[in-house]
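# Here you go, sequence then predicted model.
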Amino acid sequence: MPFDPVRIREHFPALAIEDHDKPRVYLDGPAGTQVPRAVIDRTVDYLVNHNANGGGAFRTARATDAISTEAHLFMADFLNAPSPLEIVFGPNMTTLTYQISRSLGKIFRPGERLMVTRMDHDANVYPWVQLAEDLGLEVLWLPFDTGTFRFDPEAFRQLLEQGVRLVAFCMASNALGTINPVKEMCRMAREAGALSYVDAVQYAPHGPIDVQDLGCDFLVCSAYKFFGGHQGILWGREELLSELYPYQVRPAAAKLPKRF
Ligand SMILES: Cc1ncc(COP(=O)(O)O)c(C=O)c1O
């Protein structure tokens with residue numbers, strides 16, 4: 001099918017806005033994508049016709065639950081997750097990472113090690129650094145080659161050999177454009193006994209993601225980078241999400257997918 005930018009533009013009402021008779025130009029890439037009419041219509045339809053808390057025995061609550069189920073199925077499909085139970089929605093990737101890092105903190109012990117990278121967005125660095133500060137963990141930093149903008153697999157292997165509980169790294173760098181060999185890095189992490197936490201916020205709008213093929217333990221992305229509302233998505237292995245301690249109030253659901 002030929003790429004027709006005029007027809008595609010018509011789907012995005014924000015692109016038709018003019019300021020002082022001049023078309024508005026959007027240059028703030030990290031702010032995310034503009035939203036197509038289909039997403040706006042669906043959001044308005046929900047807020048007008050179905051707005052409710054889930055879990056109730058009345059019409060709008062049931063509709064809310066059905067939409068939530070559909071959203072879990074869609075994201076499981078998007079990431080090729082084995083189950084929609086493994087999808088967690090949250091305000092954004094940063095908040096989800098803070099949340100799950102605290103739950104993971106329950107299984108880490110003082111003196112254990114985490115690995116973060118010099119390439120990652122701070123959202124996949126500082127939640128782990130602060131967790132380490134809180135728990136007395138050691139943080140190992142993976143550098144990248146400033147000539148090739150890539151990680152050195154040997155440096156990665158050497159840090160893993162020090163004994164690491166979790167490695168946090170990006171699928172693609174928002175600053176450099178580097179696409180990392182995530183499958184290989186996850187394999188190395190797994191063989192070294194480390195969990196892998198993959199930031200796919202930058203990659204998700206650009207390429208397909210298959211969490212089963214990648215072999216990661218967690219993967220996060222943000223729908224507002226690919227035409228959705230401002231929303232973050234976390235995928236985690238079912239056995240991990242079922243066992244990790246969820247910080248939640250007592251009446252909240254104890255089972256996946258509502259556990260987190
Ligand atoms: C690579 C990368 N990771 C994480 C984030 C943070 O995502 P969020 O705004 O959903 O917290 C961003 C935001 O731009 C990003 O580019």
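In hand now; what should we look at?
# and the one helix or strand residue 100 maps to, is it in reach of the ligand?
Secondary structure from DSSP states H and E places residue 100 in helix 93-105. Yes. Helix 93-105 reaches the ligand (C-beta under 6 Å from any ligand atom) through 93-94. In short, each C-beta sits where N, CA and C put it, glycine included.
# Pull that helix out as CSV, backbone CA atoms only.
Extracted C-alpha coordinates of helix 93-105, given in CSV (Å, rounded to 0.1, in the frame of the first residue of the first chain):
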residue,chain,number,x,y,z
MET,A,93,6.8,3.8,32.4
THR,A,94,8.6,5.7,35.2
THR,A,95,5.8,5.2,37.7
LEU,A,96,5.5,1.5,36.8
THR,A,97,9.3,1.1,37.2
TYR,A,98,9.3,2.7,40.6
GLN,A,99,6.4,0.4,41.6
ILE,A,100,7.8,-2.9,40.5
SER,A,101,11.3,-2.0,41.7
ARG,A,102,9.9,-1.7,45.2
SER,A,103,8.2,-5.0,44.9
LEU,A,104,11.4,-6.6,43.6
GLY,A,105,13.2,-4.9,46.5
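# following that helix, which helix or strand shows up next?
Next element after helix 93-105 (DSSP H and E): strand 113-117.
# interface residues of the stretch 151-260 of the chain facing the ligand?
Neighbours of the ligand within the stretch 151-260 of the chain, by C-beta under 6 Å from any ligand atom: 170, 174, 199, 201-202, 222, 232.
# which ones are touching residue 81?
75, 87, 211-212, 235 (C-beta atoms under 8 Å, 6 or more residues apart in numbering).
# got a list of what the nearest residue to residue 138 once chain neighbours are set aside touches?
In space, residue 138 comes closest to residue 113 once its chain neighbours are excluded; the distance is 4.6 Å by C-beta to C-beta, 6 or more residues apart in numbering. By C-beta under 8 Å, 6+ apart, residue 113 lies in contact with 137-140, 162-165.
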